[in-house]
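J.: output the structure for:
(2 chains)
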Protein chains: 2
Amino acid sequence: MKRNLLLISNSTNYGEAYLGWPREYIKSFLNETTAKRVLFIPYAGVNLSDDGLMASFDAYEARVKAVFAELGYELYSIHKEADAVQAVQEAEAIAVGGGNTFYLVYMMHKMKIMGAIRERVFQGLPYMGWSAGSNVACPTLRTTNDMPIIEPESFACLNVIPFQINPHYLDANPEGHGGETREQRIEEFLVVNPEKYVVGLREACLLRIQGNKIKHVGGRNLRVFKQGMETAEYSSSDNIQFLLD
Amino acid sequence: MKRNLLLISNSTNYGEAYLGWPREYIKSFLNETTAKRVLFIPYAGVNLSDDGLMASFDAYEARVKAVFAELGYELYSIHKEADAVQAVQEAEAIAVGGGNTFYLVYMMHKMKIMGAIRERVFQGLPYMGWSAGSNVACPTLRTTNDMPIIEPESFACLNVIPFQINPHYLDANPEGHGGETREQRIEEFLVVNPEKYVVGLREACLLRIQGNKIKHVGGRNLRVFKQGMETAEYSSSDNIQFLLD
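T.: Numbering: from 1, shown residues only, chains lettered A, B, ... in the order given. Prediction:
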């Protein structure tokens, strides 16, 4: 198993520059590979332009390209490639941006790249994602926080890790709000999906997976849920290897 | 068009009794009909018991039954009926409870009651719903806030109103949270669904629809979104008839 994954909770902490906090981790992740160019998957970014989806993907590519250029890497987006599957097959590394998970999964199925990316990840292709891009590494999209703005062909995702991530995990609701808390939503998931672990990945945290090893990086604990088990918190010095079993 | 709908944002305001604030509206809604018994759809309530889904539906029925009994109405749940479609065909009124919209829609398709309820609503069957139960009256579930814990056969819903409701609409995120605001999520919806109105229904608000007339009840404004139009606020004295056009 040659998996090499960097799964980031959120692109940007409140008040910081875009892709601010994870920048150093992206850089060292790529520095450990032979990649010079990174294929970008922009499909979660539906709303970065007033001129429609293609303009939004263009704007998203430009924004991320600038960050990767600072790190010494060339980034190019799949939405400009003539053959999306071939682009995946030839990629040196892949970055999947955050935004709306449903639109991302809809497009990944539509463009037939879900299977192609999965295959290459298991061959060792470096894969990084943030927010929706971390969600899509999971078995399904069933733990996303996003609005289901479009119906994808299926909820199935890359399934390159055996557990579910809930990115942007947060503990509280806005004061006085009667809607479900995040924990209540995940508990609903567990009723219907009792065999799955859910990892609440708080902001400014990430998971680093190399082969069969997993490490949590970040100053906030992971919160891990499973039906019939007491919900537990793990710091970055705790062993969370059970998540990959 | 004999539609007779009571679409409620949320069952319970923070710190109040269950179904506290909408109780008077449910009572006067039912008092205007000939119904004595109300068929309850509990399928959104997946997590009201530690003993699994059927026990959860039992618990949900008991909780709502007690409220309706106080109002002078007998409530009985569809999950105990031998033939769900027949139960819909014979119902005097229907109440659809809140909870997880995806599980509700999954079950309504699975039990084949989506079409049966729609047909009866257009014949004048009194229909009330709160939260997920209001969402399911819309064309699709695409504006729910809930976690997609299960994949329904389709995102299509009852489609007894032509616009989308976002229940529990709220303006702010918890402080310092980097995730999307509700407004940003709805703007993502509009990019992909430019022909639809979305009504942000704030807590302690409801919509009353009789035939081709619509009224908003509640002390908070509706917030109405459509692609290419300026987002607007409507108080309960404003004319919102355009939503049904």
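J.: can you report phi and psi for residue A:110?
T.: Residue A:110 has phi and psi values of phi -60, psi -40 when expressed as degrees, to the nearest 10.
J.: so it touches residue A:153, yeah?
T.: Yes: counting by CB atoms under 8 Å, residue A:110 sits close enough to residue A:153 to count as a contact (7.0 Å). For glycine as for every other residue, the C-beta is placed from the backbone atoms N, C-alpha and C.
J.: looking at those two, which one has more neighbours?
T.: A count of neighbours by other CB atoms under 10 Å in any protein chain shown puts residue A:110 above the other of residue A:110 and residue A:153, at 14 against 11.
J.: check contacts around that one.
T.: Residues touching residue A:110, when contacts are defined by CB atoms under 8 Å, 6 or more residues apart in numbering or on different chains, comprise residue A:153.
J.: please report how far it lies from residue A:83.
T.: Distance of residue A:110 to residue A:83, computed by CB to CB, to the nearest Å: 14 Å.
J.: does chain B have contacts with stretch A:28-46?
T.: Yes: applying CB under 8 Å from any CB of the partner chain, one finds stretch A:28-46 touching chain B at residue A:46.
J.: and if you look at stretch A:49-61?
T.: Yes: looking at stretch A:49-61 against chain B by CB under 8 Å from any CB, the contacts come from A:52-53, A:56.
J.: ranges for the helices of chain A?
T.: For chain A, applying DSSP state H gives helices covering A:23-31, A:53-70, A:84-90, A:101-110, A:114-122, A:132-135, A:182-192.
J.: quick one on the thing from earlier: most neighbours of all the residues of stretch A:49-61 next to chain B, which one?
T.: Most neighbours among these, by other CB under 10 Å: residue A:56, with 22 neighbours.
J.: for chain A, give me the ranges with low pLDDT.
T.: Screening chain A residue by residue with the criterion pLDDT under 70, one finds the ranges A:173-179.
J.: count of neighbours near residue A:12?
T.: That count, for residue A:12 with other CB under 10 Å as the rule, works out to 18.
J.: I misspoke; the intended subject was residue A:165.
T.: Neighbours of residue A:165 (other CB under 10 Å): 24.
J.: that one touches residue A:142, doesn't it?
T.: No: Residue A:165 sits out of contact with residue A:142 when judged by CB under 8 Å, with a separation of 10.8 Å.
J.: between those two, which contacts overlap?
T.: By CB under 8 Å, 6+ apart, residue A:165 and residue A:142 have no common neighbours.
J.: so who does the spatially closest residue to residue A:136 that is not a sequence neighbour touch?
T.: With sequence-adjacent residues excluded and distances taken as CB to CB, 6 or more residues apart in numbering or on different chains, residue A:136 is closest to residue A:157, at 4.8 Å. Neighbour list for residue A:157: A:105, A:108, A:114, A:135-141 [criterion: CB under 8 Å, 6+ apart].
J.: what residues are up against the most centrally placed residue in chain A?
T.: Nearest to the mean C-alpha position of chain A, counting by CA atoms, centre = their mean, stands residue A:134 at 1.3 Å. Listed by CB under 8 Å, 6+ apart, the contact set of residue A:134 reads A:7-9, A:165, A:167, A:201, A:207.
J.: residue A:68 contacts residue A:39, doesn't it?
T.: No: Residue A:68 is beyond contact range of residue A:39, at 11.1 Å (criterion: CB under 8 Å).
J.: which residues do those two both contact?
T.: Joint contacts of residue A:68 and residue A:39 (CB under 8 Å, 6+ apart) are A:75, A:95.
J.: from chain B, how far out is residue A:2?
T.: 30 Å (CB to the nearest CB, to the nearest Å).
J.: what's the closest non-adjacent residue to that residue?
T.: Among residues not flanking residue A:2 along the chain, residue A:124 sits closest, at 3.5 Å (CB to CB, 6+ apart).
J.: contacts only, for the one you found.
T.: Applying CB under 8 Å, 6+ apart, the residues near residue A:124 are A:2-4.
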